[in-house]
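Asks: Test case, fold it:
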Amino acid sequence: MRYTGYQENKSRGTFGFPIQLYYVDANHPQYEMPFHWHMECELILVLAGKFRLSVNGVNYTLEGGQSAFIPSEFIHGGTPENCIYECVVFDMESFLAQSPQCIEKYNNAIDSGVISEMIFEPKSTAGKMVDSLFENMEKESVAYTFATTGLLWQLIGYILEQKSQIAPSSQNAVYRKNKQIKKVLTKIRNDYSKPLTLDDLAEEAQLNKQYFCRAFRQATGKTPIDFLNYYRIECAAEQLSLSYVSITEIALSCGFNDLSYFNRLFKRSKGVTPSNYRKTRIQTKLNTGFVIYSIYYLRSERYILIYSFALLPQLISHSSARLTRTFQSLLLYASTPL
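Replies: Residues are numbered from 1 along each chain as shown. Take a look at the predicted model:
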């Protein structure tokens with residue numbers, strides 16, 4: 001079963017409006033954000049709780065109201081702590097397609113190391129822009145595409161203006177080094193269900209083991225093997241939430257040949273056994289009136305989403321737009337090929 005891709009290759013939004021909004025809370029099947037990268041830029045807005053974000057090896061703690069801008073191709077990941085957050089992902093080149101001059105200026109800023117990740121405070125100029133952008137996309141009024149486009153242009157212009165006043169950093173050197181780490185992340189994504197050793201991963205990066213371990217830890221905060229096990233556990237946790245496949249089958253499909261070892265690692269990571277984790281996730285969805293669903297992997301390499309609704313009274317009080325977005329995200333996730 002596919003977990004969040006380290007290199008995501010699916011399109012965001014539509015051709016004419018390449019912007020997609022995601023709402024994520026503890027009930028979301030992809031609540032955790034393992035390290036990954038994609039060709040789109042990303043904005044993260046924390047609505048409540050804390051979100052521990054890492055971008056190219058630099059760590060940040062975002063709290064309610066704070067937001068972050070992550071340029072395309074930057075390795076990033078995060079750990080939510082009692083957190084509710086939203087993400088806007090957009091294709092910068094598609095967004096700026098009608099202005100070659102703007103695309104050139106932005107790409108030059110990225111290549112020179114001028115543009116990097118940015119953290120915005122709630123009451124700052126950029127923070128207010130981000131908040132307005134998310135609020136506008138949530139409401140989806142008749143003219144929200146116009147307003148969203150205008151706000152995004154304004155935010156990009158502000159970022160370029162602020163960063164152009166700062167001397168280029170070593171970010172470009174970090175970016176080049178991360179190309180090798182990206183190869184390993186892709187290897188883990190594709191082959192996590194197979195036996196993988198430190199030698200295999202170092203060979204994929206074309207680095208000696210000592211330097212590779214140091215570079216990988218700098219980018220992700222974990223050793224290569226610890227990260228591989230972390231990713232496998234997240235894959236297993238997602239399957240436990242989304243399917244009724246046996247725990248033994250899930251362990252085997254996630255690269256664990258020893259069920260006892262899998263149970264120990266899972267409990268160490270999640271604080272509960274796999275069976276209790278599954279029970280808790282299902283009960284939480286029932287209590288919140290969330291969608292009850294199962295996803296089965298077929299040989300055709302596609303997912304089928306089988307869903308039913310537990311329409312409890314509190315469901316009615318949910319924002320209809322937000323509920324619709326969450327359900328659409330599940331449908332998009334389920335229909336995406338491996």
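Asks: secondary structure class for the nearest residue to E81 once chain neighbours are set aside?
Replies: Distances taken as C-beta to C-beta, 6 or more residues apart in numbering place K50 nearest to E81, at 4.4 Å, with adjacent residues excluded. To be clear about C-beta, it is placed using only N, CA and C from the backbone, and glycine gets the same treatment. At K50 the chain is in strand, as set by DSSP: H, G, I helix; E, B strand; the rest coil.
Asks: Report the separation between K50 and Q66.
Replies: Distance, K50 to Q66, using C-beta to C-beta, to the nearest Å: 10 Å.
Asks: swap in E203?
Replies: 40 Å.
Asks: between these two, which one's more packed in?
Replies: Just comparing E203 and Q66: by other C-beta atoms under 10 Å the higher neighbour count belongs to Q66, 21 against 14.
Asks: how close does the closest residue to the more buried one other than its chain neighbours get to M129?
Replies: Residue nearest to Q66 in three dimensions, not counting chain neighbours: V46, with 5.5 Å by C-beta to C-beta, 6+ apart. Relative to M129, V46 is positioned 16 Å away (C-beta to C-beta).
Asks: What is the burial count for M118?
Replies: Neighbour tally, M118, other C-beta under 10 Å: 17.
Asks: If it is in a bridge, with which residues?
Replies: Assessed by DSSP bridges, M118 has beta-bridge partners F69.
Asks: residue ranges for the strands of the protein, please.
Replies: 7-8, 19-24, 33-38, 41-55, 58-63, 67-70, 76-90, 118-120, 291-297, 303-309 (DSSP state E).
Asks: which one of the ones you listed lies closest to L265?
Replies: strand 33-38 (15.3 Å; C-beta to C-beta).
Asks: on that earlier part again, from Y60, how far out is the residue nearest to Q66?
Replies: Counting by C-beta to C-beta, the gap from V46 to Y60 is 11 Å.
Asks: neighbour-wise, which of those two wins?
Replies: Between V46 and Y60, counted using other C-beta under 10 Å, V46 has the larger neighbour count: 23 against 14.
Asks: Is that one bridged to anything, and to what?
Replies: Y85.
Asks: ok, it touching C83?
Replies: Yes - at 6.4 Å, V46 counts as touching C83 under the criterion of C-beta atoms under 8 Å.
Asks: just so I have it, where are all the helices in the stretch 151-300 of the chain?
Replies: Assigned by DSSP state H, counting those that start in this stretch, the helices in the stretch 151-300 of the chain fall at 171-191, 198-205, 209-220, 224-242, 247-253, 259-270, 274-288.
Asks: I'd like these written out as JSON lines, with distance to E40 added.
Replies: Shown next, in JSON lines, are those (distance: least, C-beta to C-beta, whole Å):
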{"stretch": "helix 171-191", "distance to E40": "15"}
{"stretch": "helix 198-205", "distance to E40": "24"}
{"stretch": "helix 209-220", "distance to E40": "20"}
{"stretch": "helix 224-242", "distance to E40": "21"}
{"stretch": "helix 247-253", "distance to E40": "29"}
{"stretch": "helix 259-270", "distance to E40": "29"}
{"stretch": "helix 274-288", "distance to E40": "29"}
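Asks: most packed of these?
Replies: Looking across these with neighbours counted as mean count of other C-beta atoms under 10 Å, the highest average goes to helix 224-242: a mean of 21.
Asks: Does anything pack onto it? Which helices or strands?
Replies: Where contact means 3 or more C-beta pairs under 8 Å, 6 or more residues apart in numbering; DSSP states H and E, helix 224-242 is packed against strand 33-38, helix 171-191, helix 198-205, helix 209-220, helix 247-253, helix 259-270, helix 274-288, strand 291-297.
Asks: Now do it: distance to the chain's middle.
Replies: Centroid separation between helix 224-242 and its chain, computed with C-alpha atoms, centre = their mean, to the nearest Å, is 14 Å.
Asks: Show me the shaky parts of the stretch 151-300 of the chain.
Replies: 163-177, 282-300 (pLDDT under 70).
Asks: Domain ranges for this structure, per the record?
Replies: Segmentation of the chain into domains, based on automatic domain parsing, reads 7-163, 172-276, 289-335.
Asks: Quick check: the gap between the residue nearest to L160 when sequence neighbours are not counted and G157.
Replies: Closest residue to L160 apart from its sequence neighbours, by C-beta to C-beta, 6+ apart: A109 at 6.1 Å. A109 sits 12 Å away from G157 when distances are taken as C-beta to C-beta.
Asks: follow-up on the earlier one: for the residue nearest to Q66, which residues are in contact?
Replies: With contact set as C-beta atoms under 8 Å, 6 or more residues apart in numbering, V46 has these partners: 62-67, 83-85.
Asks: try it again with 7 Å
Replies: 62-66, 83, 85 (C-beta atoms under 7 Å, 6 or more residues apart in numbering).
Asks: same question, G65
Replies: Contacts of G65 (C-beta under 7 Å, 6+ apart): 46, 122.
Asks: Please apply the same query to S132.
Replies: So S132 contacts L151 (C-beta under 7 Å, 6+ apart).
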